[in-house]
Structures are given as C-alpha cells and as structure tokens.
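[1] Here is the input, now give the coordinates:
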Amino acid sequence: MAPLPSPASETRARQQAMLRTAFQGAVRRALEAADTLEILANPDGAVWIERAGRGLAASGEHLGAAERERIIRLVASAAGEACDTAHPIISAELPGSGERFEGILPPVAEAPCFAIRKPAPAPFSLDDYVAAGALAPALAAALRRALAARRNIVIAGGTSSGKTTFANALLAEPALHADRMVILEDTRELRCIAPDVTQLRTHRAGVTLRDLVRSTLRLRPDRIIVGEVRGGEALDLLKAWNTGHPGGLTTLHANSAAGVFSRLEQLVAEAAPNLPCSLIAEAVDVVVFLSRASGERRVEEAVRVTGFDECGYRTEPLAAPGLAAVS
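    Purely as a prediction, here's the structure:
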C-alpha cells in the first residue's frame, strides 16, 4: 500500500495548482514556451515578454490588477513570506519549477507588478557562444586556460545581460570537474556538473550571503562560487579567494569592465572602513563584461588584472578583440 501524502506535500500541491490557475493568457503561454527568458507584468497591466533571439516585446495582452495581486500573494504564501503593506516586495522562486520571481505591491508601486525570470532550459557552453558569434575562439581558449590555472573570474554586466548564463557556461567546463565546488546564491540559478558540488542559499531567517561565505570556509571548498555579490560579502569573498581558495567565480552588476573595480570598492566599503584596493587587484584575476542590446548578448570585453598602483588598476586584454553579437 502506497504511503499517504504528507500535509506539507498536499499544501505544496494545492499552491502549485492555484498558481497554475492564476497564470492566464500570455503569462501562462510564456511560462510554457521553451524560448522565454523573462515575463514582466507592469503596473498598468501590460504584459511584456522577452524571448531568446527576439528581445523584449509587448504581448498585446493585459492582466488585471486583482489577478496580478493574487499571483504575488500566492507566490508569497508558497515561499512563507509576509505580503502586506509593511512587506510589499516579494523575492522568491515559483514553487515546483524554480523560476525567479519578483513581485511588488503598493505603496512601493502604484499598482501590483511582477517579473519572472526563467532559467535556460539547457546550459549554454563556451563552444555555443563561439558558434553563435558572441565569443572569439581565442578568447574562449584564454578563458579555459584561466579556469585551468585557477584564476578568479568576475562576470559583469547590466540587468539581463546574460551574466548567469555565461557563468553556467564556465561552470560546465571540464577543468572544474576534479574540484570540490561550493556555490552560494540567493536563488538557485547556477548549475555545475562537477561530481563534488555543495550548493547553499540565503534564507529569510537572516542567513545572508556574508554568513554563507564565512561558513563556506569550513566546508573545505576548492573553488568558491557566488551567484552575485551585491553587499559586504564582497570583502569576505575577496579575502577567501586571496588566501588559499583560488579559482572562484562570481557575477556583478557594472556598466563596463573598468566599472567593476569601482563597484567592488563600493561593496567592500560596506564592510571595511579602509578601502583595500590592493586586495581587489590581488584577488581578481579576470574580468569579463557582457552587454545586451535589442535582445542580443555578447562578451563586450575581457581583461586580465595585472596590479594596482598610484594610477589605479592595471589591466590588459585577456585575448584579441573582435567579438560579434549573439541572440
């Protein structure tokens, strides 16, 4: 006789069924489509969808305010998050499928709105980037050498520039397969096919990325991977990279390769009174900058960090330029 489902599993099943019902029209079709990258429901009800190779476009359909609010509250309930005027921002994953969800209620927004980011259905490899014209073969080879040599790599770019997808391409490289990987994230987006992988995530109970970075050092990592640095954990990560844990990888919001250093300085300043520019130069070996325009993503720039002096951070090209666009 099969065991009866637990109350918790029954609750999750109900939540998922209610969400499937709440998602309507263009939103539901986009969630089911394999080429969807992101779904946006604006405060005016307009639904915008980004598809691979076609960029962001209006769906021509609208979702009512009550429907948008219901979706946000259902996701919050499934995640165990408070959702009211005192807690109007919901950051969570869709139950069952894991898409990243960001919902915002009044008074922060004039009306309910949300964004859903879908993970890539299959990892994009460096060879795929080369075949698509987004990455020069020489640069792909240089990145593989950097991985094999255990260089610390920062992947930078703006919102939806493809940082996570590119990080997954690097994490799929064979050079990492013999190492113990510890991956730290807010939401699970990174994938690594190495056999020895531990993935940790932050928790609403107060477990921050900074807590995870510090705890990770006791888990005997060979390489420390952080999904995205955006706070004081940047200092702890740089220290770890620079003291016996090389070969790490992280992503960062920045507007250029050069902008990575000022952004890191801002983040480190949240945790340290004195700015350790030399530590940044010693810990970061390679910076890769991705750009996005009209739905096309490409590696815009990749540099090797060679040091820091009175003139600032010294860098040189990681490989010859000449990169094309990718959809």
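
[2] In which helix or strand does the residue nearest the centre of the chain reside?
    Nearest to the mean C-alpha position of the chain, by Cα atoms, centre = their mean, lies Thr164 at 4.4 Å. Taking DSSP states H and E as the criterion, Thr164 maps to helix 163-171.

[3] Can you spell out which helices and strands pack onto the helix or strand just after that helix?
    Heading C-terminal from helix 163-171, the first helix or strand you meet, by DSSP H and E, is strand 181-185. Under the contact criterion of 3 or more Cβ pairs under 8 Å, 6 or more residues apart in numbering; DSSP states H and E, strand 181-185 touches strand 197-201, helix 209-216, strand 223-226. (Glycine included, C-beta is placed from N, CA and C.)

[4] what sits up against the second one?
    Surrounding helix 209-216, the residues in contact under the criterion Cβ atoms under 8 Å, 6 or more residues apart in numbering are 182, 184, 186, 200-202, 224, 226, 229, 231-233, 236-237, 240, 271.

[5] Now do the strands in the chain.
    Assigned strands in the chain, in chain order: 36-41, 46-51, 55-62, 89-93, 100-104, 113-117, 153-157, 181-185, 197-201, 223-226, 249-253, 286-293, 296-309, 312-317 (criterion: DSSP state E).

[6] Filter the contacts of helix 209-216 down to the buried ones.
    182, 184, 186, 200, 202, 224, 226, 229, 232-233, 236-237, 240 (16 or more other Cβ atoms under 10 Å).

[7] Contact partners for the residue nearest to the centre of the chain?
    Thr164 makes contacts with 189-190, 227, 251, as judged by Cβ under 8 Å, 6+ apart.

[8] before we move on, back to that, could you dump the helices and strands packed on strand 181-185 into TSV with distance to Ala109 and mean pLDDT added?
    What follows is those, written out as TSV (distance: least, Cβ to Cβ, whole Å; pLDDT from 0 to 100):
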stretch	distance to Ala109	mean pLDDT
strand 197-201	26	93
helix 209-216	26	89
strand 223-226	29	96
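
[9] any idea which of those is most buried?
    For these, the largest average neighbour count (mean count of other Cβ atoms under 10 Å) is found in strand 223-226, namely a mean of 25.

[10] mind listing what it pairs with, with the direction of each?
    Here strand 223-226 has these sheet partners by DSSP bridges: strand 181-185 (parallel), strand 249-253 (parallel).

[11] What lies in contact with the last one?
    So the one you mean is strand 249-253. By Cβ under 8 Å, 6+ apart, the list of residues contacting strand 249-253 from outside reads 152-159, 163-164, 167, 170-171, 223, 225-230, 237, 260, 263-264.

[12] thinking again about what came up before, check the gap between the residue nearest to the centre of the chain and Glu185 for me.
    9 Å (Cβ to Cβ, to the nearest Å).

[13] quick check, nearest of the buried ones among the contacts of helix 209-216 to Arg145?
    Of all the buried ones among the contacts of helix 209-216, Arg145 sits closest to Ile224, with 20.3 Å by Cβ to Cβ.

[14] From the structure, what's the count of residues near the nearest residue to the closest one once chain neighbours are set aside?
    Leaving aside its chain neighbours, Ile224 sits nearest to Gly248 (4.6 Å; criterion: Cβ to Cβ, 6 or more residues apart in numbering). Applying other Cβ atoms under 10 Å, we find 26 residues neighbouring Gly248.

[15] what's the distance between Gly248 and Cys192?
    As judged by Cβ to Cβ, Gly248 and Cys192 stand 13 Å apart.

[16] Got the confidence number for the nearest residue to Ala146 once chain neighbours are set aside?
    Distances taken as Cβ to Cβ, 6+ apart place Val286 nearest to Ala146, at 5.2 Å, with adjacent residues excluded. Listed pLDDT for Val286 reads 98.

[17] Equivalent analysis for Thr187, please.
    pLDDT recorded at Thr187 is 82.

[18] could you measure the closest residue to it other than its chain neighbours against Leu19, distance?
    Nearest residue to Thr187, sequence neighbours excluded (Cβ to Cβ, 6+ apart): Arg100, at 5.0 Å. Taking Cβ to Cβ as the measure, Arg100 and Leu19 are separated by 15 Å.
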